[in-house]
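Q: Just to be clear, the model below is a prediction. Sequence and coordinates:
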Amino acid sequence: MKLHDNVILMNEATLTERGQISVPAALRKAMNLLPGQRLKFARVSDHEFRVIAESATPPGPMAMLGYARKLRAGPARRTGDWINELREGEKET
């Protein structure tokens, strides 16, 4: 399907209730887009916008949080729970 003579529509995404979209995998791979990479949106007309990918930056330490969460077994715990668990060894029995 052609939108204009030089633009071919190959991918689609659906806008969620919260205004979010997912970039189709084929486009992410073709453009070497990385998680956390920033995208800029520029309005071109009433029914069209352009997406511009900023230069990719290496993932920072915060990127590990999602990965670390997968490693943690059991239900999520609050900081106080962790502190209490660590201090149990300090209590005299």
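A: Yes, it's here.

Q: use CA for all of it now, contacts and neighbours both
A: Noted.

Q: quick one: the spatially closest residue to Ser55 that is not a sequence neighbour and Arg78, what's the gap?
A: Spatially, and ignoring its direct neighbours in sequence, Ser55 is nearest to Gln37 (7.6 Å; Cα to Cα, 6 or more residues apart in numbering). Between Gln37 and Arg78 the computed distance is 29 Å (Cα to Cα, to the nearest Å).

Q: So for the two, which sits in the more crowded spot?
A: The residue with more neighbours, out of Gln37 and Arg78, is Gln37; 13 against 8, by other Cα atoms under 10 Å.

Q: Am I right that that one sits in a helix?
A: No: counting by DSSP: H, G, I helix; E, B strand; the rest coil, Gln37 falls outside a helix, being coil.

Q: Show me the shaky parts of the protein.
A: 1-10, 57-74, 89-93 (pLDDT under 70).

Q: residue ranges for the strands of it, please.
A: Assigned strands in the chain, in chain order: 2-4, 7-8, 39-45, 48-53 (criterion: DSSP state E).

Q: To Glu85, which of these lies closest?
A: strand 39-45 (41.9 Å; Cα to Cα).

Q: elements contacting that closest one?
A: strand 48-53 (3 or more Cα pairs under 8 Å, 6 or more residues apart in numbering; DSSP states H and E).

Q: Could you report the distance from Pro24 to Leu86?
A: For Pro24, the distance to Leu86 (Cα to Cα) stands at 44 Å.

Q: where exactly do the helices run in this structure?
A: 25-30, 64-71, 79-87 (DSSP state H).

Q: In contact with Ala53, which residues?
A: Contacts for Ala53 (Cα atoms under 8 Å, 6 or more residues apart in numbering) come out as Leu33, Gln37, Arg38, Leu39, Lys40.

Q: Could you double-check that the second one lies in contact with Glu54?
A: To tie it back to what came earlier, the one meant is Gln37. Yes: in terms of Cα atoms under 8 Å, Gln37 counts as a neighbour of Glu54; the distance is 7.0 Å.
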